[in-house]
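Enquirer: okay, sequence plus prediction incoming.
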Amino acid sequence: MDKRIFILMMAVVLGLGIFGCAGEKAVVKTAPSQILPVKVTVDSVERLNAIAAKPPFQPTDLLVFRVNFKLSNPNNVVAKVDDLYFEAKVDDGTPDKTIIQAVSMPSYLVPAGGEIIWSSTEPFLYGGVRASYLLRGVGGEGGMQGVFKKMEELWIDLGGDNRKFYIDGNITTSLPDFSAMGIVRTQFKSEFAIPKL
């Protein structure tokens, strides 16, 4: 083999090796100085079905609500949402409020600098609030009749999209490519009125 051809082939092979390594190094991620928590925004709350306009309501009547969240990653690397728990409530005259949804989201990855939409769809059973209202005294002095009156008021308002939702939750963020940095746990709160169905 001619010496010049051999040298040229070696230069090409060496050049490919160098550029190949350079390409791999471009993929290596720089560790961020800190974990920035994934930001949670309530995108919307929707009621997905209609109900009877007036009583009597049945214990098995249900309303289905969907809460849509936008999860935004401010980090320059992929972030992992290890846990997102939230409660959607409406005012019932007590500090506790009536819980419409209580949901925990599974783990999700959010791209670097990107966002995802995550939704929770759950049914809310009319008869499901009776025991809670009795135990918390929502019916006041009216006893069981007071409880039924408050349940009917709640149901009519929810069916007419006339109650504001209070959403409280927390989220845990980690960086899977830099697991030694640990986790960050943050809380979020939001208020949301449902647009008319």
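Expert: Nice, thanks for sending it over.

Enquirer: who's in contact with the spatially closest residue to Pro74 that is not a sequence neighbour?
Expert: In space, and not counting its chain neighbours, Pro74 is closest to Leu36: 4.4 Å by CB to CB, 6 or more residues apart in numbering. For the C-beta atoms, the positions are set from N, CA and C on the backbone; glycine is no exception. By CB atoms under 8 Å, 6 or more residues apart in numbering, the contact list for Leu36 reads 74-75, 173, 184.

Enquirer: between the residues you listed, which has the most around it?
Expert: Within those, Thr173 tops the neighbour count with 25 neighbours, counted by other CB atoms under 10 Å.

Enquirer: does anything pack onto the helix or strand where that one lies? Which helices or strands?
Expert: Element membership of Thr173 [criterion: DSSP states H and E] is strand 164-174. Secondary structure elements in contact with strand 164-174, counted by 3 or more CB pairs under 8 Å, 6 or more residues apart in numbering; DSSP states H and E, are strand 39-47, strand 79-90, strand 183-193.

Enquirer: what does that strand contact?
Expert: The contact list for strand 164-174 (CB under 8 Å, 6+ apart) reads 35-38, 40, 42, 45, 67, 79-91, 97, 100, 181-194.

Enquirer: for Val184, name its beta-bridge partners.
Expert: Beta bridges link Val184 to Thr173 when assigned by DSSP bridges.

Enquirer: from Ile171, how far off is it?
Expert: For Val184, the distance to Ile171 (CB to CB, to the nearest Å) stands at 9 Å.

Enquirer: check the spatially most central residue of the chain and give its pLDDT.
Expert: Centrality entry for the chain: nearest residue to the mean C-alpha point is Phe69, 4.8 Å, by CA atoms, centre = their mean. With respect to pLDDT, Phe69 scores 95.

Enquirer: before we move on, back to that, now, among the contacts of Leu36, which is nearest to Ser104?
Expert: Closest approach between the contacts of Leu36 and Ser104, by CB to CB: Thr173, at 15.3 Å.

Enquirer: and the strands in the chain, which stretches?
Expert: Applying DSSP state E to the chain gives strands spanning 39-47, 62-72, 79-90, 98-105, 108-110, 115-125, 164-174, 183-193.

Enquirer: let me see the contact set for Lys97.
Expert: Here Lys97 is in contact with 89-91, 166 (CB under 8 Å, 6+ apart).

Enquirer: put the buried members of those into a ChimeraX selection.
Expert: Here is the ChimeraX selection string for the buried members of the contacts of Lys97, based on 16 or more other CB atoms under 10 Å:
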select :89,90,166
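
Enquirer: identify the residue with the minimum pLDDT among the contacts of Lys97.
Expert: Ranked by pLDDT, these bottom out at Asp91 (90).
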